[in-house]
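>>> have a look at this prediction, sequence included:
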Amino acid sequence: MNTGGLILILGSILSATAAFIWLVWRTGKAPEDQAPGVAPDQIIDTAAKKDVEHIFNDEFREELRNRGRLHFEKIIGENAMFLQQDLRQTTTQLNDYMRSQLTRTLQDEFKKYEQSITDAKQIALDSIEKTITTIEQQRQFLEEQMQTQAQTQKTQIIASFEKEMAGIINHYILRAIGNQIDLSDQLDYILAELEANKNAIVEDIKRGT
Amino acid sequence: MNEDVFKLPTSIVGKSDINRILRELDGLDDFFMSAAARKSGESIKAPRTTYMLDQLARDNGYNLMQTDQRTAIKTKLIEISRTAPSLHISFAVEPTPRIIDVILSWMRGNIHPQLMLQIGLQPTIAAGCVLRSPNKIFDLSLRTYLENQENYMVELIQGAVGGKR
């Protein structure tokens, strides 16, 4: 309920009270004529008492009371109707106001929520993108490392194979021809080797002796 | 008798042969000593000398019947045994006397005239020989030759593997 509605209700109550007071004052007013030799005030009081008692007897008073009650009830009814209308109007306005406020608040909240979702989505996308980039870099690094290791291992295996193969062939030759070559056939080779190492042998013998 | 160079025949290969000849010469000395002390009319049987000793005496012009010459031979042999250089040679199989003769002749003609040789067996070398001097080993075997050629063989294998790739 707004201030205007409150003022309207208070105004209605005050106007009804004022009308009631005016009505009571009008019905209780003193008569004009006075008796001579008597103090005017006393005459007036006496006359007033007679008139009042004559005019405002119990029936009249009862009638006035009924009229006043009816009028008051009428005013109360009218004001109640006004009050009801004002209340309805106020309620309607209040509802509209609340609806508009709620709508605006909800829209703002929705906008904020949407913005938050958008921001979160963007952050998530950025994070995912960074993660993808990191994973890709890691994958490339691992791939290069694995390729290097594989190449190194391959080279080692091939080198080992070649060396072992040479050893196997040597062993095979030695075993195949071992003790099969006559020393007479080797004599020229042995003498040639001795001749080639002659100086070294002589030198070593000189040192030894 | 040649006093300058005491020739060693190739039948005398190492110090064990010299020791054997020395024992033989001692036997001869004993024989001649006992022969001098024999009674007249008793038959004696002279011990047979080995081919090594005969050849040694013949090459150097010594008479084994004379004590002083036998003593000279012993003196020479003892000196040779003490001072002559010695080499050790290994073969994959037992060498024949002819092989030893050829190799020893070459060594005494090219390295030292009184060189002593010790012969050993080393079947793992397959072919060639391994010569061991006082301070060095001269590996002249086929095994070492093949090992030295291993890089070349690896190159050949690499070429073969590379060709198949």
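Great, that's in hand. Worth saying up front: this structure is predicted, and the values here are computed from it rather than measured.

>>> count of residues packed around B:L25?
Neighbours of B:L25 under the rule other CB atoms under 10 Å in any protein chain shown: 20. From N, CA and C alone the C-beta is placed, and that goes for glycine too.

>>> for the helix or strand it falls within, buried residues please.
B:L25 is part of helix B:15-36, with elements assigned from DSSP states H and E. Neighbour counts over helix B:15-36 (16 or more other CB atoms under 10 Å in any protein chain shown) mark B:15, B:17-18, B:21-22, B:24-25, B:28, B:32 as buried.

>>> need the contact partners of that helix.
Applying CB atoms under 8 Å, 6 or more residues apart in numbering or on different chains, the contact partners of helix B:15-36 are B:11-12, B:44, B:46-47, B:49-50, B:52-53, B:56, B:64-65, B:67, B:70, B:73-74, B:77-78, B:80-81, B:86, B:116, B:118.

>>> pull out the buried members of these.
Buried, going by 16+ other CB under 10 Å: B:11-12, B:49, B:52-53, B:56, B:64, B:70, B:73-74, B:77, B:80-81, B:86, B:116, out of the contacts of helix B:15-36.

>>> low-confidence ranges in chain B?
Chain B contains residues with pLDDT under 70 at B:1-4, B:163-165.

>>> for chain A, same thing?
Using pLDDT under 70, chain A drops low at A:1, A:28-38, A:51-52, A:55-56, A:178-179, A:209.

>>> now do the longest helix seen in it: distance to the chain's middle.
Longest helix in chain A, counting residues (DSSP state H): helix A:58-177. Taking CA atoms, centre = their mean, to the nearest Å, the mean C-alpha location of helix A:58-177 is offset from the chain mean by 8 Å.

>>> downstream of it, the next helix or strand is which one?
Later in the chain than helix A:58-177, the nearest helix or strand by DSSP H and E is helix A:183-196.

>>> so which elements touch that next one?
For helix A:183-196, the elements it packs on are helix B:97-110, strand B:128-132, strand B:137-141, judged by 3 or more CB pairs under 8 Å, 6 or more residues apart in numbering or on different chains; DSSP states H and E.

>>> buried ones in the helix or strand just after that helix?
The first helix or strand that comes after helix A:183-196 along the chain, using DSSP H and E, is helix A:198-208. Residues of helix A:198-208 classed as buried by neighbour count (16+ other CB under 10 Å): A:201, A:204-205.

>>> so which of the residues you listed are also by chain B?
The residues of the buried residues of helix A:198-208 that also fall near chain B, by CB under 8 Å from any CB of the partner chain, are A:201, A:204-205.
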